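Novice: mind folding the following:
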Amino acid sequence: MTKLSVNINKFATLRNARGNNVPDILKIADDCEHFGAQGITVHPRPDERHIRYKDVLDLSGLVKTEFNIEGYPSKEFVDLVLLVKPTQVTLVPDAPDAITSNAGWDTVEHGPMLSELIDKFQEESIRTSLFVDANEKMVEAAAKTGTDRIELYTEPYAAMFEKDREAAVKPFYDAAILAKKLGLGLNAGHDLSLNNLAYLIDTIPWIEEVSIGHALIHDALYMGLEATINSYLESLK
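Specialist: Okay, here's the model as predicted:
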């Protein structure tokens, strides 16, 4: 079964809006795991507008499932990951002021830099994943970096899903087939929801992990957090 990692960034955005500790991010993470989530994802940004670096340090001693830290590999980010030693680090090519991730790595152009970083993380037994588009050229170049996994950037799939789900999923299926042939583990994330998740997993059942935040937290406003996590887990079966 594909694992569900809950991205808790938006809970931190809500907390930061009032400048106190409501909601409590540590309790949120603990509750998500208690309700069945198999991982916790955070994406600290330089301006700390949602998850703060201190949150990452605090969570490192609390998360009992898989802890996934994603972000742009600035020096501060790399130092944080090496200090925390999470289960997985997911490298994304976001600019510091990006609202959200909107593209995968150009693994051809940035391959040497990524390879060096991946070696550094793997020396500390940290699983590595590269955020990439569903582009076979980029998947092939990602494999050459030595990364353990790739995470397919699924926003294009989600955007096209209602119009033509078969066409929407095809480039992701093709990229996933190539990743499997190259020995890469496979994750997926961005704009996945209860509406489009099951079809993606039915088509590509060897996806090992999905990271979901925005849609899951939106659903939790109506359904409650426990019921929402259970609904996502059902979609992954």
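
Novice: so what's Val63 closest to, chain neighbours aside?
Specialist: Ile40 (5.0 Å; Cβ to Cβ, 6 or more residues apart in numbering). Bear in mind the C-beta positions are built from the backbone N, C-alpha and C, glycine included.

Novice: is it true that Tyr232 touches Lys3?
Specialist: No - using Cβ atoms under 8 Å as the test, Tyr232 is too far from Lys3 to be in contact (10.8 Å).

Novice: compare the two and say which is more crowded by neighbours.
Specialist: Of the pair Tyr232 and Lys3, Tyr232 is the one with more neighbours under other Cβ atoms under 10 Å, namely 22 against 17.

Novice: element containing the more buried one, please.
Specialist: Tyr232 is part of helix 225-235, with elements assigned from DSSP states H and E.

Novice: can you pull the buried residues of the longest helix seen in the chain?
Specialist: When secondary structure is assigned using DSSP state H, the longest helix within the chain turns out to be helix 165-181. Neighbour-count burial for helix 165-181, counted by 16 or more other Cβ atoms under 10 Å, picks out 168-169, 171-172, 175-176, 178-179.

Novice: before we move on, what about stretch 185-195?
Specialist: Of the residues in stretch 185-195, those buried by neighbour count under the rule 16+ other Cβ under 10 Å are 185-194.

Novice: count of residues packed around the residue nearest to Val63?
Specialist: A count of neighbours around Ile40, defined by other Cβ under 10 Å, yields 27.

Novice: how about Ile207?
Specialist: Ile207 is surrounded by 23 other residues when neighbours are defined as other Cβ under 10 Å.

Novice: same question, Lys54
Specialist: As a measure of burial, Lys54 has 11 neighbours, counting by other Cβ under 10 Å.

Novice: let me know the helix or strand that it is in.
Specialist: With elements taken from DSSP H and E, the one containing Lys54 is helix 53-60.

Novice: over to Thr147?
Specialist: Here Thr147 is assigned to no helix or strand, by DSSP H and E.

Novice: tell me how many other residues crowd it.
Specialist: Residue crowding around Thr147 was assessed by other Cβ under 10 Å; the count is 26.

Novice: check contacts around it.
Specialist: 114, 118, 128-130, 184 (Cβ atoms under 8 Å, 6 or more residues apart in numbering).

Novice: and for Ser60?
Specialist: With contacts defined as Cβ under 8 Å, 6+ apart, the neighbours of Ser60 are 67, 84-86.

Novice: ranking these by neighbours, who comes first?
Specialist: Pro86 (24 neighbours).

Novice: that one belongs to a helix?
Specialist: No - assigned with DSSP: H, G, I helix; E, B strand; the rest coil, Pro86 falls outside any helix and is coil.
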